[in-house]
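1. what would the 3D arrangement of this be:
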Amino acid sequence: MKNIIGIILLVFIFSFNINAQTGPGGVGNQAGTSSQPHNEIWFNASLLGLSDTDPVTEWTDISGNNNDGTQGTSANQPIYRTGQLNGLPTVIFDGTDDFIPFDGSVLAGKDYTVIFVGQRGTNGLNSVGIGGTNTGQNNNLHLYWTSSQFRAEHNSNNLRTDMVTTGGPAYDGGTAQGSFGIFTTRLASTESDPFRKNYQNNHYIPDADGNFNNSSQLNSWNGAALSRAIFGATEYYGNVDIAEVIIYSTAINEAQLEIVHNYLSEKYNITIDNDRYTAAAGYTYDVSGIGNLNNDKHSRSSSAGLYLYEDNATFDNGEFVFFSHNNATNDVASIQTGSNVTNCGAEAAWNRNWYFAQNGVTSVDTKFIFDFTEALTGGQYPQTPANYVLLYKATAGADYSVVTVGAQGLEAADQIYFDVANANLNDGYYTIGTNDQTNSPVQGVSARTWYALISGDWDNWEVWTLDPSGNLPDNPAHELPSDHSSDKVVIHSGKTVTIPAAYAKITNSSLTVEGRLDFTTNTTIHYFGIIRGNGRILLAADNFPDGDASHFYTKGQSEGTVYYYGSSYNLSTDRQFYNVVVDLDVSTNIITQLADYQINGDLTITSGAWQINDATDDVIRNLTVKENVLVETNGKITVGTGNTFLTRDYDINSGVADKMPEDFSIDYHDIYHQFEVHGNFTNNGTVRLTNQTAPDYDDFTTTGGVTLRFKGAANKLMLLNSTTDLYNLVIDRGTDKTYIQTINSSNINNFVLYGANSVGRTNAGGYATANPQVRKALWIYNGTLKLTGSINIPTLSEGNHDGGNGDYTIGANASLWIAGSSVTVYSTASATSQVPVGADGVRLNSSKAMTVYGKFRITDGFFGTRNSAGFIFWSSADAQVYIEGGEVDVAQVRGANASGVASYVQSGGLLRARGNIDGNQTGQYLGTYPLFGLEGTNAVFQMSGGEILLRDYDSDSDPEFSIESAEGNYLVTGGKLTIDIEEGSAGGSNPDNLQILSTANLWDLEIKSNDGTNITVELLSDLKVSHDLILNDNTELNVEDPITAGTYHDVSIGEDFNIIEGATYTYGQNTTTFDGTEDGELYIGHAQNDDYEQYFWNLTVNKTVGKQITVIGDTEKDPDNVASEHFNRLVHVVNDCNITSGILNQGRQSIRVFAGV
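-> Okay, here's the model as predicted:
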């Protein structure tokens, strides 16, 4: 049997929603909307519906967010017990192995409020009520008790507070083991000290350790669970009883705390400090309240379908109104019609009453709202508002009287409201009644449906018919749909109905628009219970009607369109639509977005400007488009100059300590407005998501900026036919490199990045080394960015302010693809002449190379790294470089003594590894690494075309060209390696020597002297050239190992071996083999009539049967031209000459063999 012992149940505050049951005390709602706090989780043992001693396998989250706690292992399941606390059940955890996990990530990066009710059976780590399994500071929330303290810990950021003394104040519940209490912990990171507070039974308990002023939020909260936590490396389970758990992802204010604490006190009969409400006998259900405490207000609340609002902003400090009900049946069958109702003149009333009590009130006006469909089972739509009355009685058994109200009417299609002045608000029992149960019954009535018969104004009765086809007149009473709030409205395709600008508020139960409904500039916010249809709703102001428009804006349902027209105006209400069209009267008119917009379909700007934010607001706005964006010739998307980080003052170059977004738990790209696009983006007009006149690469703009994000798992196109000035661009397509975001610009001036790019990459905040947060104006987070058309990106990185590596990084889930002959991309700039006129922040330092963890690909165009290092491969990398066309100009291609895998695949194009040799700039070439190198046997080298050009070398004997791939990891069937170097570039004792080490074969190899001086290429491994080997004038190929003297490396050639006049092939005790499947030539271009011979140690021919290698010399060595017969000798084999397969054809030259054939 499980021990029945106590913990304190965590209650995170629940949400408020006018159309649904709200949170505890009427505080909060599921989504944190309507000025209510966000109730993330609510576990309530009273609603589990289990039998006594049943195991708890699932604790359902009743917040509406479906964050259920589940425990599938029977040994770890706690026990449900009835009658434990004020007659209500609790869930009992045994302290040995019982726990229920849930998703704690909902609190990561957020403030919170946690209120809990329960008792514990022990002290210390085995009293844990809630915890997690993460390690590291601010990666867990642990709540537990010692004998004298209640603790809320973040892993080394711990709030420890002394509980109320046992036997002291009456509100000492929970201090002693085995007694229930209400405990709260709260984090408010943006308020003044103290940022963190703990409460016991509505009493603030001060901090014992000084961590009240630590504003850090949780970075993460993995392994969150009721009654389980890991401290150090040890797992602990709580010996606790839990009644209720509620989680808010915000710091609720003082008035809201007071209301929720009073709700819990009344429900569980726990004594609290500042008890403001004592319910009438039996009226303890859905306790709710509104009030003001220390000028923190909670002005809207609800209890089972009765909503109470503060009216006329009349709350003073310390004033509260509470209300609750007794859970009486409230349905159509139970409607009251007895003398207790009719004696006051009413004909009927609801069966349920709500008990009201005021606390400290002197002058509060209120608004009662009765929701017929929520509060009354079987309720429908109220009719004539004037026929309804607010009923009151002072005692439960008394007759009702009618309350004098200031105004009454329809709040929504299914809601009646009454405005009540303070003088007419008394403690007692309230419900709603009617003076005309026939025409305005208290249960409401079902609705009629009106159809648009013709196009015209809403207030013309001839526009409307009851005929479902919409083609036949049927309006005998000359009515309008708005005459009856319960009625429905349908506007068929081909019909346009216009609401006059001065028309009064319209309320109907539903609206279906298949044609067009024009709200003009009408400033009244009309109400339709449900809004749907695939037609157009036209707006000339921010006047979209209230109501449930989810069907209208949801993909796969109505998919309707909102059409903005007219002059300039602001959009100040958060909206969600499907398609949006902006077609203002003239192109200079502006719609200013001052709220968050989610567009589930397409956004089309035909005429006028859509401006994100204004010139003064510092609030970050979000614009999300789930499908396509189209900006026509006369359209614009711009940004206002309001500074979104005015209060935080982010600074890259503060001089002492940079203030970066991460210092405030915000990702780098999140400090500006967010524009998220999931589909295609076509710009034929103007898109300026910055107000800068030129890029500023090492400072944040303070004049407004937007981060444009491409998201979604799909291939999409950004087509730019006109000016497109972006601040930050983030590619986030899918979860790997699969999906392609193509950018095609018709002119290089149509795509410009203006954002800062001088901050180093970081893997903090949940990012990884191989998938870091790239803090640059361009970040390819997930997916492939393909650049086509005419694009010039003059710099991707200007260094590493704020630490981290400043190289531009392609993460493991990312790919950059250059795919246009007029596309040029540089990893950095080395001079201001290379960037747009007026640009600032070009930094002539290191850490600006191209780091590849993912994939780089070029099929056409140009990529260069200027004065930076080139391609760098690090540990954790699975880097891929594909050269299929175009030109790549880098200082170096190398690893970093790392364990990561790199793959190099070339089928075309040119890769130039120039080191420090260039006519315009000096690269960052580190001689401790190869000029071109693939480290480790796991490296992949494939070449079927194109050219690798080496232009520099260092002063040591390490290889400049190094391929270490194991057999099976290389495949060379084409392409060319060209070594084109000049004397003295490296310096040192061996300044003119370049070394080759390769496990892979090469196809063509050509060695050149760029300046006509003598240069030498040395071998650190055998050399296999599958096609042609060419040694040009003033070059030498030396087969002796430069590190191990006396070691000589073999050379094999598949077709031609050309030793041009002035070139030297320095043999040793090695074998030179001619193999392959085609005929070849050994050309020795010595152009002197003398006794010169080319020496070989061993010479082997091993070609396909019937294929030959032919010796060819210069005409001066021809037998017909030599002065002496022995001058015809051209090949000298010192040791063995082996003809294994194929033919050795001496041609017109002589071959001398000294050890036989």
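2. drop to CA atoms for contacts and neighbour counts, all remaining ones
-> OK.
3. pretty sure residue 256 belongs to a helix, no?
-> Yes: the assignment for residue 256, made by DSSP: H, G, I helix; E, B strand; the rest coil, places it in a helix.
4. what sits against the closest residue to it other than its chain neighbours?
-> Take residue 256 and drop its neighbours on the chain: the residue closest to it by CA to CA, 6 or more residues apart in numbering is residue 298, 5.9 Å away. Contact analysis of residue 298 by CA atoms under 8 Å, 6 or more residues apart in numbering lists 27, 255-256, 290-292.
5. from these, which single one is nearest residue 864?
-> Nearest to residue 864 among these, counting by CA to CA, is residue 27 at 58.4 Å.
6. wait, doesn't the closest one sit right on residue 256?
-> Yes: counting by CA atoms under 8 Å, residue 27 touches residue 256, with 6.4 Å between them.
7. about what we covered before: from the contacts of residue 298, which would you call buried?
-> Neighbour counting with 16 or more other CA atoms under 10 Å marks 27, 255-256, 290-292 as buried within the contacts of residue 298.
8. a markdown table for these, including distance to residue 976?
-> Converted to a markdown table, these look like this (distance: CA to CA, whole Å):
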| residue | distance to residue 976 |
| --- | --- |
| 27 | 73 |
| 255 | 77 |
| 256 | 75 |
| 290 | 80 |
| 291 | 81 |
| 292 | 80 |
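9. farthest-apart pair in the residues you listed, please.
-> 27 and 292 (13.3 Å).
10. ok, which stretches of the stretch 601-750 of the chain are strands?
-> Under the criterion DSSP state E, counting those that start in this stretch, the stretch 601-750 of the chain contains strands at 603-612, 622-625, 629-639, 673-677, 681-683, 686-688, 706-711, 716-720, 724-726, 728-732, 740-745.
11. same check, this time on the stretch 201-350 of the chain
-> Counting by DSSP E, counting those that start in this stretch, the strands of the stretch 201-350 of the chain are 203-205, 225-226, 228-231, 234-237, 239-248, 285-293, 296-298, 300-303, 306-311, 320-325, 348-349.
12. please identify the deepest-packed of the ones you listed.
-> With neighbours taken as mean count of other CA atoms under 10 Å, the strands of the stretch 201-350 of the chain reach their highest mean count in strand 239-248, at a mean of 29.
13. mind listing the strands it pairs with, and their directions?
-> The pairing partners recorded for strand 239-248 under DSSP bridges are strand 39-44 (antiparallel), strand 88-94 (antiparallel), strand 112-120 (antiparallel).
14. so which of those strands is nearest residue 684?
-> Among the strands paired with strand 239-248, the nearest to residue 684 by CA to CA is strand 39-44 (43.1 Å).
15. helices along the stretch 301-450 of the chain, start to end?
-> 339-342, 372-375 (DSSP state H, counting those that start in this stretch).
16. before we move on, back to that, okay, the strands paired with strand 239-248 in TSV with mean pLDDT next?
-> Shown next, in TSV, are these (pLDDT from 0 to 100):
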stretch	mean pLDDT
strand 39-44	96
strand 88-94	97
strand 112-120	95
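17. of the ones you listed, which is nearest residue 392?
-> Proximity to residue 392, assessed across these by CA to CA, is greatest for strand 88-94 (30.5 Å).
18. now that closest one: buried residues?
-> Buried-residue list, strand 88-94, by 16+ other CA under 10 Å: 89-94.
19. and the next element down the chain from it?
-> strand 100-101 (DSSP states H and E).
20. do me a favour and average the pLDDT over that following strand.
-> The average pLDDT within strand 100-101 is 98.
21. ok, and the closest non-adjacent residue to residue 608?
-> Using CA to CA, 6+ apart, the closest residue to residue 608 is residue 587 (3.9 Å).
22. so which of the buried ones among the contacts of residue 298 would you say is closest to residue 523?
-> residue 290 (29.3 Å).
23. so what's that closest one up against?
-> Contacts of residue 290 (CA under 8 Å, 6+ apart): 255-256, 259, 297-301, 308-310, 320-322.
24. and for residue 453?
-> 462-465, 470-473, 495.
25. can you rerun that using 10 Å?
-> 461-474, 490-492, 495-497 (CA atoms under 10 Å, 6 or more residues apart in numbering).
26. from those, which land in strands?
-> Mapping the contacts of residue 453 onto strands (DSSP state E) picks out 464-465, 490-491, 496-497.
27. and the strands in the stretch 851-1000 of the chain?
-> Ranges of strands within the stretch 851-1000 of the chain are 855-864, 870-873, 878-890, 892-895, 901-913, 932-934, 940-950, 961-963, 970-981, 993-998, based on DSSP E, counting those that start in this stretch.
28. mean neighbour count and mean pLDDT added to those strands, as CSV?
-> As requested, the strands of the stretch 851-1000 of the chain are exported to CSV (neighbours: other CA atoms under 10 Å; pLDDT from 0 to 100):
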stretch, mean neighbour count, mean pLDDT
strand 855-864, 23, 98
strand 870-873, 26, 88
strand 878-890, 23, 96
strand 892-895, 26, 89
strand 901-913, 23, 95
strand 932-934, 25, 94
strand 940-950, 23, 97
strand 961-963, 24, 96
strand 970-981, 21, 97
strand 993-998, 23, 95
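29. reformat these as TSV; add distance to residue 240.
-> Formatted as TSV, the strands of the stretch 851-1000 of the chain follow (distance: least, CA to CA, whole Å):
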stretch	distance to residue 240
strand 855-864	53
strand 870-873	53
strand 878-890	49
strand 892-895	56
strand 901-913	51
strand 932-934	59
strand 940-950	58
strand 961-963	64
strand 970-981	63
strand 993-998	68
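30. out of those strands, which is closest to residue 1042?
-> strand 993-998 (8.2 Å).
31. mind listing what that closest one pairs with, with the direction of each?
-> Sheet pairing for strand 993-998, assigned by DSSP bridges, gives strand 961-963 (parallel), strand 1015-1019 (parallel).
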